[in-house]
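[1] need a structure here:
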Amino acid sequence: MDTKPTLDREPRHTNEDTPIRDSTTFPGPDTEQVLGRFLDFYRERGHQPLPGGSLLPPPGDPVLFTTSGVHPMVRHLDRGEHPLGSRLTNVQRCLRTKDLDEVGDDWHLTLFEMLGSWSFGDYSHPQSLRWGYRLLTDGFGLRPDRLHVTVFGGNGEVRPDTESLRTWGEIGLPVEPSDENWWSLGPTGPCGTDSEIHVWSGDGPPTGTPHSDPRWVELWNHVEMRYRRLGDGRLEPLPRRVVDTGMGLDRLVALVQGGRSVYDTDRFRPWRRLLGERWQLDEQLLRMVCDHLRSTVVLLGDGVRPGNTGRGYVPRRLIRRVLTTLWRDDDSRSLSELPDELVTGTLRHFRLPLDTPVRQVLRDEQRRFGDLVRRGRRVLGRYRGRPLTDGDLHYLHDTHGLPGDLVRELHVPG
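    As a prediction, the model looks like this:
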């Protein structure tokens, strides 16, 4: 069994206008190096790397896509054991579409990668916190004075997480208790307290707390699953405690490389440069276009093809959002302009087949959407000069196949 590492206390520099990491002693690694350093850290501590990483959940899972790093582990949490061992680590690609309107800000992506580590009844939650602090500071060079943590502050059902409070106090980081630091899979099932590590992303010295200043970016969540929520709402202890951590690779890379957003990383810089040269878009729209096309490439690499329902609707929706944006100012813009190096580089990073027919699929979808737009303009000419009702939107969708977002984009109410 590993012993707790000795932590070298670093002085705080709260009056200095310093970067997130110390670039004079820690040169920023690229994404592959960051990923390798994370996995190596946990391998050295006896963690077995998990295979896989597909966006597609296992057979029988009702969700369309893997949405979190712990998703593939769900069926093992209740039992508190895994066939590959008691210490595990992985990188899992994930896709979420519920926050599409937030894509284009500094920290949200449709497709992202999660770094994870697990202890199934092995080491303690405080050990996980100490390792997490050591990796972020010694391993990735993040400054301790730019870190802030939140822990479970208790509620009427579960007492405060004094163990985590004590651990962070020994390490020397500021702590904010909150009753929101509770993690669960849903209304029933495994759950427990969590400890979130936040990094200051603003200019100048940190101010406020993660709950009072949005410039604190949530980076790494350490969960101790101790309970199972029953159907009647009661909590019962799990047979074995599970420590589960999840950290966004894209956010980590951005912070380690000294960027102010996930779009400043080595993985996104080629996308922004090459697409920005081809299509003149403002910053937020360019970010959205880069995000959606990159996500589509990975979806296609994972075997998903555009369609009207289920999984297929996701790449179709992403492609159509891109085309709607591109055609606002110039309907001659084409997805055939997407550079080969962006497609190949993305498929290679995600270890997907390089012969995925990305260009063919994009051409076919662009042709279909172009036909739909032309038909939509003809049909909507009848409604020009008046606002559309909900009944109109239902009729246009059911009769003419025109989705609501396209109708709202094309309709001229007055």
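[2] which parts of the stretch 201-350 of the chain are helices?
    Per DSSP state H, counting those that start in this stretch, the stretch 201-350 of the chain has helices spanning 249-256, 269-278, 283-301, 313-327, 340-349. These are given in chain order.
[3] quick one, phi psi at the closest residue in space to residue 295 that isn't next to it in sequence?
    Spatial nearest neighbour of residue 295, chain neighbours left out: residue 111 (3.9 Å); criterion: Cβ to Cβ, 6 or more residues apart in numbering. To be clear about C-beta, it is placed using only N, CA and C from the backbone, and glycine gets the same treatment. Dihedral angles phi and psi of residue 111 (degrees, to the nearest 10) take the values phi -110, psi 130.
[4] what's residue 96 in contact with, if anything?
    Residue 96 makes contact with 65, 67, 110, 112 under the criterion Cβ atoms under 8 Å, 6 or more residues apart in numbering.
[5] go again using 6 Å as the cut-off
    residue 67 (Cβ atoms under 6 Å, 6 or more residues apart in numbering).
[6] distance check, it against residue 102.
    10 Å (Cβ to Cβ, to the nearest Å).
[7] report the central residue of the protein.
    When the chain is reduced to its mean C-alpha position, the closest residue under Cα atoms, centre = their mean turns out to be residue 112, at 4.2 Å.
[8] surely that one meets residue 249?
    No - taking contacts as Cβ atoms under 6 Å, residue 112 lies outside contact range of residue 249: 7.2 Å.
[9] before we move on, back to that, pick the most buried one from the helices of the stretch 201-350 of the chain.
    A comparison of the helices of the stretch 201-350 of the chain by mean neighbour count, using mean count of other Cβ atoms under 10 Å, puts helix 249-256 on top with a mean of 26.
[10] show me what that one is packed against.
    Applying 3 or more Cβ pairs under 6 Å, 6 or more residues apart in numbering; DSSP states H and E, we find helix 249-256 packed against helix 31-43, strand 111-120.
[11] contact partners of the last one?
    Okay, so that is strand 111-120. If you take Cβ under 6 Å, 6+ apart as the criterion, strand 111-120 is touched by 38, 42, 69, 80-82, 86-95, 242-250, 295, 298.
[12] quick one: average confidence on that strand?
    Throughout strand 111-120, pLDDT has a mean value of 96.
[13] with stretch 339-358 instead?
    For stretch 339-358, mean pLDDT rounds to 96.
[14] go on, stretch 72-88?
    Stretch 72-88 shows a mean pLDDT of 89.
[15] distance between the ends of that stretch?
    In stretch 72-88, first residue to last residue: 12 Å (Cα to Cα, to the nearest Å).
[16] contacts for it?
    Everything outside stretch 72-88 that qualifies as a contact, by Cβ under 6 Å, 6+ apart, is 46-48, 50, 118-122, 190, 238-240, 242.
[17] what's the farthest-apart pair in those?
    The largest separation in the contacts of stretch 72-88, counting by Cβ to Cβ, is between 46 and 190 at 23.0 Å.
[18] the more surrounded of these two?
    residue 190 (25 against 16; other Cβ atoms under 10 Å).
[19] for the more buried one, which residues are in contact?
    Residue 190 sits next to 77, 225, 228 when contact means Cβ under 6 Å, 6+ apart.
[20] again, only this time at 8 Å
    Going by Cβ under 8 Å, 6+ apart, residue 190 touches 74, 77, 78, 184, 225, 227, 228, 229, 238, 242.
[21] tabulate these (JSON lines), appending distance to residue 132 and neighbour count.
    Shown next, in JSON lines, are the contacts of residue 190 (distance: Cβ to Cβ, whole Å; neighbours: other Cβ atoms under 10 Å):
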{"residue": "74", "distance to residue 132": "22", "neighbour count": "16"}
{"residue": "77", "distance to residue 132": "20", "neighbour count": "23"}
{"residue": "78", "distance to residue 132": "25", "neighbour count": "16"}
{"residue": "184", "distance to residue 132": "21", "neighbour count": "16"}
{"residue": "225", "distance to residue 132": "16", "neighbour count": "27"}
{"residue": "227", "distance to residue 132": "22", "neighbour count": "21"}
{"residue": "228", "distance to residue 132": "25", "neighbour count": "19"}
{"residue": "229", "distance to residue 132": "26", "neighbour count": "18"}
{"residue": "238", "distance to residue 132": "22", "neighbour count": "19"}
{"residue": "242", "distance to residue 132": "16", "neighbour count": "27"}
